[in-house]
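*Asks:* sequence? don't have it. structure:
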């Protein structure tokens, strides 16, 4: 059974810091991995999608890497801003036995000004 | 529409009553997913629809839960005889392609916050 773990559960940093969020998954047979952000009381916003054949994806100040063999992904946020404060969720699409995204419990990020 | 739309945004119901939640996916998206997020918990997969294929219901927690989708359009999630443990945010997502060619991002709606009192 695929399990997704995110560390740390919560993180507080001052504005301007670079930071890394970690995601690990137990079964490396995935189709892709997706990072989302969730703001309080709102739905999820897709940030980056990495296909299983890719190593990383970049969007603005965000960079996500994928090491499928070790079952790990990282989300790197450069020059953090207060507006980055949210919960960041990692999700994988498992192999043929599974169909849907399997989520970690998220890392709640707080960036102070 | 421009995004995934869910209604109602909030629902308060009495224990034992039935509720129906609605999801309008992005037009043209063949795959539709329902998830549940309890307070302080991660997202739990409930059910997945892909085109006209039989849905994957493996995540439904009990037979009080059911969902329907007609073709590639609206889906409804029905919870019968609601219990307090059903209180959660119910999130719907859609994606352009289904799992067998999973190159597409999943886009989520804003969710329906269900409170069972």
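*Replies:* Received it, and whenever you're ready, just let me know what you need. This one's a predicted model, so the numbers in the text were calculated from it and none came from an experiment. Numbers count the residues shown, from 1 in each chain, chains lettered A, B, ... in the order given.

*Asks:* I'd say residue B:15 and residue B:84 touch.
*Replies:* Yes. The criterion here is Cβ atoms under 8 Å, and residue B:15 meets it with residue B:84 at 6.1 Å. For the C-beta atoms, the positions are set from N, CA and C on the backbone; glycine is no exception.

*Asks:* what does chain A put close to chain B?
*Replies:* Within chain A, the positions lying close to chain B (Cβ under 8 Å from any Cβ of the partner chain) are A:31-32, A:34, A:36, A:42-46, A:49, A:51, A:89, A:91, A:93, A:96, A:98-106.

*Asks:* Among the residues you listed, which lie within strands?
*Replies:* Applying DSSP state E to the residues of chain A next to chain B, the entries found in strands are A:32, A:34, A:36, A:44-46, A:49, A:51, A:89, A:91, A:93, A:101-103.

*Asks:* buried stuff in stretch B:72-84?
*Replies:* B:72, B:75, B:77, B:79, B:82 (16 or more other Cβ atoms under 10 Å in any protein chain shown).

*Asks:* Lowest-scoring secondary structure element of chain A by mean pLDDT?
*Replies:* strand A:101-103 (a mean of 84; mean pLDDT, DSSP states H and E).

*Asks:* Quick check: which helices or strands does the helix or strand following it pack against?
*Replies:* Toward the C-terminal end, the helix or strand that comes next after strand A:101-103 (DSSP states H and E) is strand A:107-112. Counting contacts by 3 or more Cβ pairs under 8 Å, 6 or more residues apart in numbering or on different chains; DSSP states H and E, strand A:107-112 is packed against strand A:10-14, strand A:19-25, strand A:86-93.
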